[in-house]
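# here is a sequence with its predicted model. Questions after.
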Amino acid sequence: MHILYNILYFHKSCIFTYHLPTQNSEAPFEYYQIDSMIQKALAKKVWLKCGGYIIIERTEALTVIDVNTGKYVGVSNLEETVLKTNLDAVKEIGKQLRLRDIGGIIIIDFIDMHEPEHQRQVLEALKQVLKKDRTKTTVVGMTGLGLIEMTRKKVREGLESMVLHDCPYCEGRGKILTPESVARNVEKEISKYFTKTIASAIMVEVHPTVAEVLKGEDNDNLARIQNLFNKKVIIKPTTEVGHEEMKIKEVDIDTLV
């Protein structure tokens, strides 16, 4: 309902009644492909018609948009290919800014252009596209590194804020520790655990990818760990534990025999 309220309140003048064909039994979102459009608006990579693509990265402070030629190789020289890709990117960037409702500081990294006239064309094309935006936008200009700085007024929550939340595994970093890094952390926790208990055996529950590293080939790494502490260590792989998580508990060694 929160999403619906935002859409209805801020886009009242744009709402129309649509009628599905009587012979079509699909739900409206499926018939008009709304779900697929929302998924595209949430994607990090957006393909351009020419074969290039843009990458949209959002942070707390600003949004960065990177333009790449991708699969587009052009039909003439490199400069023309770069210009064509950048001009195509301008149209998509204007669309994505409105669709995602991106606000604040925006940095656009277009593909390097050596011709001043090409730089002028791209900058002018961006300004023209942004005129279609009802939200106030300001193009500051192009830096010495070829980056275009602009701002777009924050009016409300963006699409991402309404339908996404931080990943519980990476906590918004977008990356997680490698199994090898987690395994090292597990060994440290095992060492700490043995300083606080007189138990002769423990069970360590970890993600299967981490368990594989802890055991090693032919269980040689597990043998090393057990010899190091002179204790019985049981590694239990389980998907019920997160990639960077672990559970350590004492076990009765008699029950293991």
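Great, that's in hand. Numbers count the residues shown, from 1 in each chain.
# C-alpha only now, for contacts and for neighbours.
Noted.
# show me what the helix or strand Glu124 falls within is packed up against.
Using DSSP states H and E, Glu124 sits in helix 116-130. Contacts defined by 3 or more CA pairs under 8 Å, 6 or more residues apart in numbering; DSSP states H and E place helix 116-130 against helix 78-100, strand 137-142.
# tell me the angle that helix makes with strand 137-142.
Computed with axes from the mean of the first three to the mean of the last three CA atoms, to 10 degrees, the direction of helix 116-130 lies at 170 degrees from that of strand 137-142.
# return the set of buried residues in helix 116-130.
For helix 116-130, the neighbour count (16 or more other CA atoms under 10 Å) marks 118-119, 122-123, 125-127, 130 as buried.
# try stretch 224-241
Quick answer for stretch 224-241 (16+ other CA under 10 Å): 225, 232-238.
# rewinding a little: tell me which two of the buried residues of helix 116-130 sit farthest apart.
Using CA to CA, the buried residues of helix 116-130 reach their maximum pairwise distance at His118 and Leu130, which is 18.5 Å.
# low-confidence stretches in the stretch 51-200 of the chain?
Counting by pLDDT under 70, the stretch 51-200 of the chain has low-confidence residues at 72-76.
# ok, how many other residues are close to the closest residue to Leu42 other than its chain neighbours?
Computed as CA to CA, 6 or more residues apart in numbering, the closest residue to Leu42 that is not its neighbour in sequence is Glu160, at 6.7 Å. Glu160: 16 surrounding residues under other CA atoms under 10 Å.
# mind listing the helices for the protein?
Along the chain, counting by DSSP state H, helices occupy 2-10, 28-31, 34-42, 78-100, 116-130, 159-163, 179-194, 208-215, 220-229.
# quick one, which of the ones you listed gets closest to Ile148.
Nearest of these (CA to CA): helix 116-130, 8.0 Å.
# between helix 78-100 and that closest one, find me the angle.
Using the same axes, to 10 degrees: helix 116-130 against helix 78-100 is 20 degrees.
# now do helix 116-130: distance to the chain's middle.
Centroid displacement of helix 116-130 relative to its chain, using CA atoms, centre = their mean, to the nearest Å, is 29 Å.
# same check, this time on stretch 229-242
For stretch 229-242, the distance to the chain centre is 31 Å (CA atoms, centre = their mean).
# that one - what's its average pLDDT?
For stretch 229-242, the mean per-residue pLDDT is 93.
# and that stretch, C-alpha only, in CSV?
The C-alpha trace of stretch 229-242 is given here as CSV (Å, rounded to 0.1, in the frame of the first residue of the first chain):
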residue,chain,number,x,y,z
PHE,A,229,44.1,-27.4,19.7
ASN,A,230,44.4,-31.1,20.6
LYS,A,231,40.7,-31.2,20.6
LYS,A,232,37.9,-32.9,18.5
VAL,A,233,36.4,-30.5,16.0
ILE,A,234,33.4,-31.5,13.9
ILE,A,235,32.6,-29.4,10.8
LYS,A,236,28.9,-29.5,9.9
PRO,A,237,27.9,-28.0,6.5
THR,A,238,24.4,-26.5,6.5
THR,A,239,22.6,-24.0,4.3
GLU,A,240,20.7,-22.8,7.4
VAL,A,241,23.8,-20.7,8.3
GLY,A,242,24.6,-17.6,6.2
